[in-house]
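>>> how would this look folded up:
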Amino acid sequence: MVATAASGRKRTFGLAGNACLERYDGFPVPISVITGEPIYTRAYTPPSFALALGQGDAGFARTLADECRDIERQIGGRDADQIVSTVVLEQGDALTALAICRDALAKPIDPQNTEGLLETVACAEAALGKFPQAAIIWGHAERLRQGGGMPFMGRMLRLRHERGVALARAGLGDNATFDAAWRRGAAMSTDQVIELVLSASEM
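Predicted structure coming up:
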């Protein structure tokens, strides 16, 4: 696709998922096309916010994520909740990240987004000291990843997962208890795990 930027220069964009990406000074710049009109933004696709987080700029990543959510509200997309909750958790607000994920999981979503939201929920639960619950949710998220061939989206999220699991194992002080909870989650249906996540918000 060839598009004309605000400067008037034509640039070529390559398709990547639901967005078109340009690399500008090494930074991925996505474009979303709505009713034939290009919307230029750095926020509609995960590589943008992931790069910002990877560079340690959580504030800028949050700006990108919020812009992403604004665009998705225009086009009916639902990926942005996963992105926003991830950034909020990286900013240290586990309770808000949980609330965003629970709101998203209460609506119909695709399996990949479900896995990503559950992973963020598990990390947030671990940050709040709810280690058995986190292990259950991780167990199911891992099953979804393996079943759907969905790897972690980048090194940053993989490291977040590893830190969270290490925290939960240390907090429980018993690997057998953690592993049993993990296996329980893997054996549950996705609807059961989502019900567990949503019911916890009422406790």
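
>>> let me know whether Leu196 touches Ala134 as I believe.
No: applying Cβ atoms under 8 Å as the test, Leu196 and Ala134 come out as separate, 11.4 Å apart. No exception for glycine: its C-beta is placed from N, CA and C like everyone else's.

>>> quick one, helices of this protein?
Remark: helices assigned in the chain by DSSP state H are 46-54, 58-75, 80-90, 94-105, 111-127, 131-148, 155-172, 175-187, 190-200.

>>> roughly how far apart are Leu196 and Arg145?
Leu196 sits 18 Å away from Arg145, taking Cβ to Cβ, to the nearest Å as the criterion.

>>> ok so, going back, neighbour count: Leu196 and Ala134, which is higher?
Counted by other Cβ atoms under 10 Å, Leu196 and Ala134 do not tie: Ala134 has more neighbours, with 28 against 16.

>>> list the contacts for that one?
122-123, 125-126, 164, 168 (Cβ atoms under 8 Å, 6 or more residues apart in numbering).

>>> how close does Gln112 get to Ala141?
Taken as Cβ to Cβ, the span from Gln112 to Ala141 is 11 Å.

>>> the more surrounded of these two?
The neighbour count for Gln112 versus Ala141, taken as other Cβ under 10 Å, is higher for Ala141 (26 against 16).

>>> neighbours around the residue nearest to the more buried one when sequence neighbours are not counted, how many?
Distance criterion Cβ to Cβ, 6 or more residues apart in numbering; nearest residue to Ala141, sequence neighbours excluded, is Leu118 at 4.3 Å. The number of residues packed near Leu118 is 27, by other Cβ under 10 Å.
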